[in-house]
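[1] Attaching a predicted model along with its sequence, questions to come.
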Amino acid sequence: MLTIPPSLKHKQFSYLWFGQAVSIVGSQMQVWALFWHIDQITRLPLALGMVGAARVVPIILFSIFGGAYADLFDRRKLMFVTQISQALLAFILYSLTINESIQLWHIYLITALQAVAFSFDIPARQALIPNLVPRETLPNALSMSSIASQIGSILGPGLSGLVIAGWGLSFTYLINGISFASVIIALILMGDVQQDRSLKQIHRRVDREMIREGLTFTFSNPLILSSMVLDFVATFFASANTLMPIFAREVLGVGAKGYGLLSAAQSAGAVTAAAILSQIKEIRHQGRVLMLAVVCVSYFGIDWE
């Protein structure tokens with residue numbers, strides 16, 4: 001029998017989770033709408049690849065600062081700033097598109113700026129979760145966060161295709177901008193969050209020494225480093241997803257609705273696995289499970305091709 005995940009029994013985390021679930025749907029709508037939009041403007045595969053570069057370069061440059069700020073400052077307040085920033089950028093994208101003044105460089109610039117905000121938002125959010133649930137409930141909370149992300153990865157692209165076909169591209173950007181309100185409201189309802197910080201952290205500022213400490217810790221910890229490398233390789237080769245509009249148009253011959261469903265299909269299995277994990281209190285031999293999952297993904301990916 002299914003039970004309520006233990007992490008959702010904690011009010012502050014449940015606010016964040018539901019807000020995050022709604023917001024991710026909107027963000028995924030925009031991501032896949034952008035690919036379709038760029039393909040409609042240029043029909044060039046390289047142009048689609050460049051949007052990935054516009055996103056990943058700011059993340060690489062600013063993520064180390066995002067982690068430092070999440071350690072030193074109020075994570076809840078930091079998320080207020082990042083969520084409002086991303087919402088405003090989505091509204092700008094909507095305005096440019098609805099007024100038919102959008103150009104390719106606008107898309108790249110807004111994508112890059114949202115990636116900067118994202119670089120500060122993710123560390124703040126990930127560091128905030130342990131402050132919302134007890135230690136023994138943390139694995140379940142992280143699993144539930146993964147479920148929210150995967151739900152967004154299914155609903156977002158599917159809804160994106162429907163909105164594009166029905167109302168037009170611009171409304172996917174409008175909906176995304178509005179969806180950020182769900183996290184902002186959650187942060188308000190959450191109230192103050194106790195954040196454990198040492199006296200040294202309270203009086204410290206983000207500087208070169210702090211960044212160096214973070215990098216040293218990461219590269220000196222084999223478990224963290226190997227996980228990051230594994231994740232990087234998987235994400236790097238998964239960037240072919242940006243070419244999905246071309247595959248939908250030229251290979252399958254489908255329109256916006258078919259493109260949305262095609263983009264959403266890849267996350268269905270991930271949601272199923274995450275739902276199963278949410279019912280498991282403790283996962284043993286996590287490293288072995290991770291490696292087995294990667295091997296299975298690689299095998300079936302090669303077999304499919």
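    Looks like it arrived, so ask away.
[2] Which parts of the stretch 1-150 of the chain are strands?
    Ranges of strands in the stretch 1-150 of the chain, per DSSP state E, counting those that start in this stretch: none exist.
[3] What segments of it are helices?
    Using DSSP state H, counting those that start in this stretch, the helices of the stretch 1-150 of the chain run over 11-42, 45-72, 75-98, 104-128, 138-166.
[4] for these, which one sits closest to Ile175?
    helix 11-42 (5.5 Å; Cβ to Cβ). The way it works is simple: take the backbone N, C-alpha and C, and place the C-beta from them, glycine included.
[5] Could you list every helix and strand that the closest one packs against?
    Judged by 3 or more Cβ pairs under 8 Å, 6 or more residues apart in numbering; DSSP states H and E, helix 11-42 is in contact with helix 45-72, helix 75-98, helix 104-128, helix 138-166, helix 169-190, helix 244-246, helix 256-265.
[6] between the third one and helix 169-190, how many degrees?
    Computed with axes from the mean of the first three to the mean of the last three Cα atoms, to 10 degrees, the direction of helix 104-128 lies at 20 degrees from that of helix 169-190.
[7] quick one: helix 104-128 to chain centroid distance?
    Taking Cα atoms, centre = their mean, to the nearest Å, the mean C-alpha location of helix 104-128 is offset from the chain mean by 10 Å.
[8] what does the average pLDDT come to for that helix?
    In this model, helix 104-128 carries a mean pLDDT of 93.
[9] Over to the longest one?
    When the per-residue pLDDT values of helix 138-166 are averaged, the result is 86.
[10] list the helices and strands that helix packs on?
    Using 3+ Cβ pairs under 8 Å, 6+ apart, helix 138-166 sits against helix 11-42, helix 169-190, helix 256-265, helix 268-278.
[11] on that earlier part again, so can I have a markdown table of the helices and strands packed on helix 11-42 showing distance to Val289 and mean neighbour count?
    Converted to a markdown table, the helices and strands packed on helix 11-42 look like this (distance: least, Cβ to Cβ, whole Å; neighbours: other Cβ atoms under 10 Å):
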| stretch | distance to Val289 | mean neighbour count |
| --- | --- | --- |
| helix 45-72 | 26 | 17 |
| helix 75-98 | 29 | 20 |
| helix 104-128 | 20 | 19 |
| helix 138-166 | 13 | 21 |
| helix 169-190 | 30 | 21 |
| helix 244-246 | 29 | 19 |
| helix 256-265 | 24 | 20 |
